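Trainee: Structure of the sequence below:
(4 chains)
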There are 2 protein chains.
Amino acid sequence: MSTTLQDIADMLKLSKSTVSRALSGDPRVAEDTRARVASLARHMGYTPNPTARALATRRTNTIGLAVPWAPRSLSDPFYLEFLGAAGDEAMRSGYSLFLSTPDGDGDGAVRAHAELADPRRIDGMILTEPRANDERITLLHSVGLPFVVLGVVPDPSVSWISGDNTAGARDAVDYLIALGHTSIACITGPPDQTASDARFEGYRLAMSSAGLPMDRNIIEAGDFTQSGGYSAMHAIIGPRRIPSAVFACNDVMALGATRALREAGLAIPADVSVVGFDGISMAEYVDPPLATVKQPIQELGRMAVQVLIGRMSGEGGPAHCILPVQFQPRDSVGPPRLWANAVDRR
Amino acid sequence: MSTTLQDIADMLKLSKSTVSRALSGDPRVAEDTRARVASLARHMGYTPNPTARALATRRTNTIGLAVPWAPRSLSDPFYLEFLGAAGDEAMRSGYSLFLSTPDGDGDGAVRAHAELADPRRIDGMILTEPRANDERITLLHSVGLPFVVLGVVPDPSVSWISGDNTAGARDAVDYLIALGHTSIACITGPPDQTASDARFEGYRLAMSSAGLPMDRNIIEAGDFTQSGGYSAMHAIIGPRRIPSAVFACNDVMALGATRALREAGLAIPADVSVVGFDGISMAEYVDPPLATVKQPIQELGRMAVQVLIGRMSGEGGPAHCILPVQFQPRDSVGPPRLWANAVDRR
DNA sequence: TCGAACGATACAACCGGTTGCACAAATACG
DNA sequence: CGTATTTGTGCAACCGGTTGTATCGTTCGA
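Mentor: Now for the predicted structure:
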């Protein structure tokens, strides 16, 4: 058994309340007493029992992080990096990170969250992959648990944090357009996911500002997984026209799309340019290196924790943070084959 | 506030001890009473306070999972998949997963673990990336906290679980040899990491069984990261002979090596074949698809939790589990350029 | 019919902290 | 010098469960 307040109190012939106050820096205890307590506590290697403290204070010093288990997160390095940074920051701030990977997408997920979002278990929660009308958010609101969402949420009373999806996507597509591309495919994420929607919006803005038509034949929904990107790309180049460039709403889908293109005998970037989104470190190492919109993933993780801690302390209103992202051109993009043609058309 | 035992007791004019016993299925409470308690508990949506229970029972129902923060884990999808499966299995078994990402490699890591490995906080721990004489293991032993290691540990009193590193590596290298390769480079992990050592041993066995010499010039230590694989490959093909194949001790290093080879103007697999280890899902989507030794990553995660739960319940001795792995040939491997030559030499 | 055995429940201590309040001793004040 | 105030500490309740033991009323056997 580890040492307790009572142990220290006994040795110094004090009461445990005094010891507790001494250690917490209560001004009512004498300086001399505090010093003796502190010294003995150090010598005996005293650390407070987190459970007992949690029971008494009703604060667990634990943050819940909900990462959807299937199907995306399994394959997306984005989450690992986010999670690592969040865990690091949480620990630095004296919090534990309680990881939950609720199964399923619909009702199952909501039910799972109902169990997890227990104020007796965690002080606050980080929610990922918000959907358009996310019942999990309603749930968290009704439970009264502080939370932060990774991704934009329309409800102004909700704190959220996100990379600048629309601007990033727009920059990427603008770049393609500047190179002369006019037929640019888009592989989106699941339709009701806000990150996907915002990135698609960036694509739409870039296209329309350039006066380019939106061609439904080369816009296809993926699911943020490699295989989803692969299938979507296949669907596009199957019966339809082959675009000269593809913007995928995340990196792993871009990799899936790349594979589909290769299998169709198309060279990258000679025949088709490919751009992703996220900036996972892997993107730099594939062939050809994948152009992508770099998100400050670790900063997102750290900031999510910081914002959450702010919310938990009850200070101020909800925070809405959009972190800048940066388009990173790499060898997966190049000018379209019919360069002269495209220039003429402008 | 949520409902407590006392609330239920008051409504039914019982004592909270009786309510507690009724809910825990103690045979001493009357069937009728049990039914009334159960019904009311359901109606009031009672769930026990995990903290209070933890304090009373001295079991937190929480498992700690230590994933080293830097530099590897950040970029290796292997860990995400492992972690997801472990989390899922833990939740299924009624445990929470407490994620810790201790900083640093040496003393820092040990000190960090000393804080984390607190029996008052977690019931058991999953340790990853064991080293040859890992002080963290000594520490866990001395604290008396049940734990399971992901990776082989020589100490027979330690429970561990691992993919069959040596056999997997050997299969992969055997395959290369069967294709006619004789000059096979190896990029290892950090020298004292058991997984790396075991994979290198598989390489060694395959080479020596085939009567091939071990050429120190084409054996280089990496650090299990992409950039490590990249640098190691550069170091090999710099002033030295260019091998006809490379076995990298994990997938992300294989990707880094691939990039270095490309930059040197070498084609894969025409000039150099590349094989990785782990079987991350990304490997299938790069160009060319990366041959790799597939580990049952999710099963490793699930089993780590199961074995740990077994250890925590105190039943039986330490478990040592080696899960089979499978070499998966893909387009990143092919026969060596000088095929006829190699055949002659056999 | 009486004491023993038994079944069902209540009481109370305990886990290890936090915290409101009481109380004693020391100091201030008039 | 007596009273009011400050200062430092202890007592005890509380957080919400678990669990050893006491107590109650009933039923049983002799």
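
Trainee: How about the contacts made by residue A:89?
Mentor: Each residue near residue A:89 by C-beta atoms under 8 Å, 6 or more residues apart in numbering or on different chains is listed here: A:301-302, A:305-306. All C-beta atoms are positioned from the backbone trio N, CA, C, and that covers glycine.

Trainee: now with 6 Å?
Mentor: Residues counted as contacts of residue A:89 (C-beta atoms under 6 Å, 6 or more residues apart in numbering or on different chains) are A:302, A:305.

Trainee: Send me the host helix or strand of it as PDB with only the CA atoms.
Mentor: For residue A:89, the host element (DSSP states H and E) is helix A:77-92. Output of helix A:77-92 as PDB, limited to C-alpha atoms (Å, rounded to 0.1, in the frame of the first residue of the first chain):
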ATOM      1  CA  PRO A  77      -2.400   8.200 -39.700                       C
ATOM      2  CA  PHE A  78      -4.000  11.600 -39.200                       C
ATOM      3  CA  TYR A  79      -5.600  10.300 -36.100                       C
ATOM      4  CA  LEU A  80      -2.600   8.800 -34.600                       C
ATOM      5  CA  GLU A  81      -0.700  12.000 -34.800                       C
ATOM      6  CA  PHE A  82      -3.700  14.000 -33.400                       C
ATOM      7  CA  LEU A  83      -4.100  11.600 -30.600                       C
ATOM      8  CA  GLY A  84      -0.400  11.600 -29.700                       C
ATOM      9  CA  ALA A  85      -0.300  15.300 -29.500                       C
ATOM     10  CA  ALA A  86      -3.500  15.500 -27.500                       C
ATOM     11  CA  GLY A  87      -2.300  12.900 -25.100                       C
ATOM     12  CA  ASP A  88       1.000  14.700 -24.600                       C
ATOM     13  CA  GLU A  89      -0.700  18.000 -24.000                       C
ATOM     14  CA  ALA A  90      -3.200  16.400 -21.600                       C
ATOM     15  CA  MET A  91      -0.500  14.800 -19.500                       C
ATOM     16  CA  ARG A  92       1.400  18.000 -19.500                       C
END
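
Trainee: tell me the angle the helix or strand just after it makes with strand B:96-100.
Mentor: Next in sequence after helix A:77-92, counting helices and strands by DSSP H and E, comes strand A:96-100. Interaxial angle of strand A:96-100 relative to strand B:96-100 (axes from the mean of the first three to the mean of the last three C-alpha atoms, to 10 degrees): 130 degrees.

Trainee: Could I get the average pLDDT for strand A:96-100?
Mentor: Throughout strand A:96-100, pLDDT has a mean value of 90.

Trainee: Check stretch A:33-48 too.
Mentor: For stretch A:33-48, mean pLDDT rounds to 94.

Trainee: same question, stretch A:264-280
Mentor: Stretch A:264-280 comes out at a mean pLDDT of 96.

Trainee: Next, the distance between the ends of that stretch.
Mentor: 26 Å (C-alpha to C-alpha, to the nearest Å).

Trainee: still on that earlier bit, and the helix holding residue A:89, which residues are buried?
Mentor: For helix A:77-92, a neighbour-count test (16 or more other C-beta atoms under 10 Å in any protein chain shown) marks A:77-91 as buried.

Trainee: for the closest residue to residue A:156 other than its chain neighbours, phi and psi?
Mentor: Once flanking residues are discounted, residue A:156 sits nearest to residue A:318: 6.8 Å by C-beta to C-beta, 6 or more residues apart in numbering or on different chains. When read as degrees, to the nearest 10, the backbone of residue A:318 gives phi -70, psi 140.

Trainee: So residue A:318 is in contact with residue A:159, correct?
Mentor: Yes: counting by C-beta atoms under 6 Å, residue A:159 is a contact partner of residue A:318 at 4.3 Å.

Trainee: Looking at the two, which one has more neighbours?
Mentor: A count of neighbours by other C-beta atoms under 10 Å in any protein chain shown puts residue A:159 above the other of residue A:318 and residue A:159, at 22 against 16.

Trainee: Quickly list what the more buried one is bridged to.
Mentor: Assessed by DSSP bridges, residue A:159 has beta-bridge partners residue A:148.

Trainee: Relative to residue B:307, how far out is it?
Mentor: Computed with C-beta to C-beta, to the nearest Å, the distance linking residue A:159 and residue B:307 is 39 Å.

Trainee: Then residue A:149?
Mentor: Noted for residue A:149: a distance of 36 Å to residue B:307, by C-beta to C-beta.

Trainee: So for these two, which sits in the more crowded spot?
Mentor: Higher neighbour count among residue A:149 and residue B:307: residue A:149, with 27 against 23, using other C-beta under 10 Å.

Trainee: count of neighbours near the closest residue to that one other than its chain neighbours?
Mentor: For residue A:149, ignoring the flanking residues on the chain, the nearest one in space by C-beta to C-beta, 6+ apart is residue A:160 at 4.2 Å. For residue A:160, the tally of surrounding residues (other C-beta under 10 Å) stands at 25.

Trainee: what does residue A:135 give?
Mentor: With other C-beta under 10 Å as criterion, residue A:135 counts 15.

Trainee: Return the residues in contact with it.
Mentor: So residue A:135 contacts residue A:110 (C-beta under 6 Å, 6+ apart).

Trainee: Which stretches in the stretch 1-150 of chain A count as helices?
Mentor: A:5-12, A:16-24, A:31-44, A:50-57, A:77-92, A:107-116, A:135-143 (DSSP state H, counting those that start in this stretch).

Trainee: Any residue of the second one touching DNA strand C?
Mentor: Same thing as helix A:16-24. Yes: applying C-beta under 7 Å from any atom of the strand, one finds that helix A:16-24 is in contact with DNA strand C at A:16-17, A:20-21, A:23-24.

Trainee: tell me the angle that helix makes with helix A:50-57.
Mentor: Using the same axes, to 10 degrees, the inter-axis angle of helix A:16-24 relative to helix A:50-57 is 100 degrees.
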